[in-house]
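1. Next input, structure requested:
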Amino acid sequence: MATWRCIICNSIPSSRQTRHSKCNQIIFLALKSAGFPTLEPFDLFSNGRRLDGITQYIYPSHVCHCVNKKVTEIPIKEILYICLAFCGFVLLTNFSLQNNTIGTYQLIKILTTPTIIFLQYSIYGKKFSGKIILTSLPIICGIYINSYYDLKFNLLGLIYGLCGVIVTSFYQIWAGEKQKEFHVNSLQLLYYLSPMSSLFLFFIIMASQPLSFNNLASNHEYDPYVAFLIIFLSCIFALLVNVSTYSLIRQTSPLTYNMIGHLKFCSTILGGYFIFHDPIQKTQVYGILLTMIGVLSYSLLKLKEQFNHKPDNFLEKPNSKYII
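-> Okay, the predicted model is just below:
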C-alpha cells in the first residue's frame, strides 16, 4: 500500500504536508466517477488513515465469531477514555503534520517517549532505571540530526504537536492498561473501541475537512479499479497495524512500542534511499546510527533486566510485576 500511495502522491504537484490528503481525495474522486459514491462516508481519517473506518466497522462482528472467541464485556464508561484518546491521537497528529514541516513534526513526536516515562512513573508508579532513561538521549539526538534541516516552528503547529504528544502518550498507556485490567486481547479491545471511535471521527472529519471533487485531478487520471485495490489494501493493513499495536503493547509495554517505532523511522529513511533513490546526507546517516544505537542499548538493557528477574521466560505475563 505504501508503494502505491507513494506513486500517486509523488505525481501530485503539491507540498509534502498536503500530498497524502490530496492523494486520498483523488482516490475517492476516481471511485465516485466509477459508481462507488457510497464509500464517501467512510472518509474518516486524513493523511493516509481515512479508510481505517471501513476496516473497523467490518472486522469486529466477523473476526471474533470466526475464531469462536467470546468477547469480554467492558463497561462503556471505561472504554470511553481510550476511545477519546484514540480520536485525539488521530486528529492531533494529523493536524500537527499539516501545520508543521516534516522535520518539526518528527522532532515533536519524539517527545512521546519521555512523556510516557513520566506518566507511567507519576500515575502508575512504574520505575525505570537511569540507564533505560539514558537510552532515549541518542535517539533524540539522532532524530534531531535527521530533522534539523527542516525545522520551522509556528504557534499553531506547536500547540497541535504538543497536545498530540500528551494524548498519544495516554492512548498508548491506556491501550496496555485496559487490556490487562479487563483480561482481554487486542481483538476484544478493538471490538469495543472501533465502532465508537469511528462514529466520533465520522462527524468530526466531515465537519472539519469535507470532501471536494473540484480541481483535484484535472491533469491526472487513475484507474478506479486500481484505486479500489489501494483502498482495500489500506483497510487490510490498517487492521493488521491496529491488532499488532495493541498486542505488542500488551505483551511488552508502551515504552518498548515507542522504541520499535523509532526503528520504523530509520527504516523509512533507508527504504526511501534504496528503493526510491531519495537523496540522503551524511548527517542523516549519523542520525540513523545514533537512533539505532539507542534502540539497541534499550533492548539489551531490558533483556538483561528480564533475564535477572525471570531467567526461564523471555516475555513476562501481562499481569507480572516486571515489564519489557
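2. rest of the way, CA atoms for contacts and neighbours
-> Noted.
3. does the residue lying closest to residue 116 once chain neighbours are set aside sit in a helix or strand, and which one?
-> Nearest non-adjacent residue to residue 116, counting by CA to CA, 6 or more residues apart in numbering: residue 169, 5.4 Å away. According to DSSP states H and E, residue 169 maps onto helix 155-182.
4. And the helix or strand containing residue 246, what does it pack against?
-> Element membership for residue 246, per DSSP H and E: helix 224-251. Judged by 3 or more CA pairs under 8 Å, 6 or more residues apart in numbering; DSSP states H and E, the packing partners of helix 224-251 are helix 19-33, helix 52-66, helix 155-182, helix 186-208, helix 254-274.
5. Comparing those, which yields the minimum mean pLDDT?
-> Here the lowest mean pLDDT among these goes to helix 52-66, at a mean of 41.
6. Can I get the following helix or strand past that helix in PDB? Just the C-alpha atoms.
-> Using DSSP H and E, the helix or strand that follows helix 52-66 towards the C-terminus is helix 76-99. C-alpha atoms of helix 76-99 as PDB (Å, rounded to 0.1, in the frame of the first residue of the first chain):
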ATOM      1  CA  ILE A  76     -18.800   1.700  28.100                       C
ATOM      2  CA  LYS A  77     -17.600   4.300  30.600                       C
ATOM      3  CA  GLU A  78     -14.200   2.500  30.800                       C
ATOM      4  CA  ILE A  79     -13.700   2.200  27.100                       C
ATOM      5  CA  LEU A  80     -14.800   5.900  26.500                       C
ATOM      6  CA  TYR A  81     -11.500   7.200  27.800                       C
ATOM      7  CA  ILE A  82      -9.300   5.200  25.400                       C
ATOM      8  CA  CYS A  83     -11.800   5.900  22.600                       C
ATOM      9  CA  LEU A  84     -11.500   9.700  23.100                       C
ATOM     10  CA  ALA A  85      -7.700   9.300  23.400                       C
ATOM     11  CA  PHE A  86      -7.600   7.400  20.100                       C
ATOM     12  CA  CYS A  87      -9.600  10.100  18.300                       C
ATOM     13  CA  GLY A  88      -7.400  12.800  19.800                       C
ATOM     14  CA  PHE A  89      -4.300  10.800  18.700                       C
ATOM     15  CA  VAL A  90      -5.600  10.600  15.100                       C
ATOM     16  CA  LEU A  91      -6.800  14.200  14.800                       C
ATOM     17  CA  LEU A  92      -4.000  16.000  16.600                       C
ATOM     18  CA  THR A  93      -1.100  14.100  14.900                       C
ATOM     19  CA  ASN A  94      -2.600  14.800  11.500                       C
ATOM     20  CA  PHE A  95      -3.200  18.400  12.300                       C
ATOM     21  CA  SER A  96       0.400  18.600  13.600                       C
ATOM     22  CA  LEU A  97       1.600  17.200  10.300                       C
ATOM     23  CA  GLN A  98      -0.500  19.700   8.300                       C
ATOM     24  CA  ASN A  99       0.700  22.700  10.300                       C
END
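7. And the contacts of helix 76-99?
-> Residues outside helix 76-99 that contact it (CA atoms under 8 Å, 6 or more residues apart in numbering): 17-18, 45-47, 105, 156-158, 160-161, 163-164, 167-168, 170-171, 174-175, 192-193, 196-197, 200-201.
8. repeat that with 7 Å
-> Helix 76-99 is contacted from outside by 17-18, 46-47, 105, 157, 160-161, 163-164, 167-168, 170-171, 174-175, 193, 196-197, 201, using CA atoms under 7 Å, 6 or more residues apart in numbering.
9. Show me which residues of it are buried.
-> Of the residues in helix 76-99, 79, 82-99 count as buried by neighbour count, 16 or more other CA atoms under 10 Å.
10. same check, this time on stretch 123-136
-> 132, 135-136.
11. Could you tell me which of those belong to helices?
-> Counting by DSSP state H, the part of the buried residues of stretch 123-136 found in helices is 132, 136.
12. from the buried residues of stretch 123-136, which is closest to residue 184?
-> Within the buried residues of stretch 123-136, proximity to residue 184 (CA to CA) peaks at residue 132, which comes in at 28.5 Å.
13. Roughly how far does that closest one sit from residue 236?
-> To residue 236, residue 132 is 35 Å away according to CA to CA, to the nearest Å.
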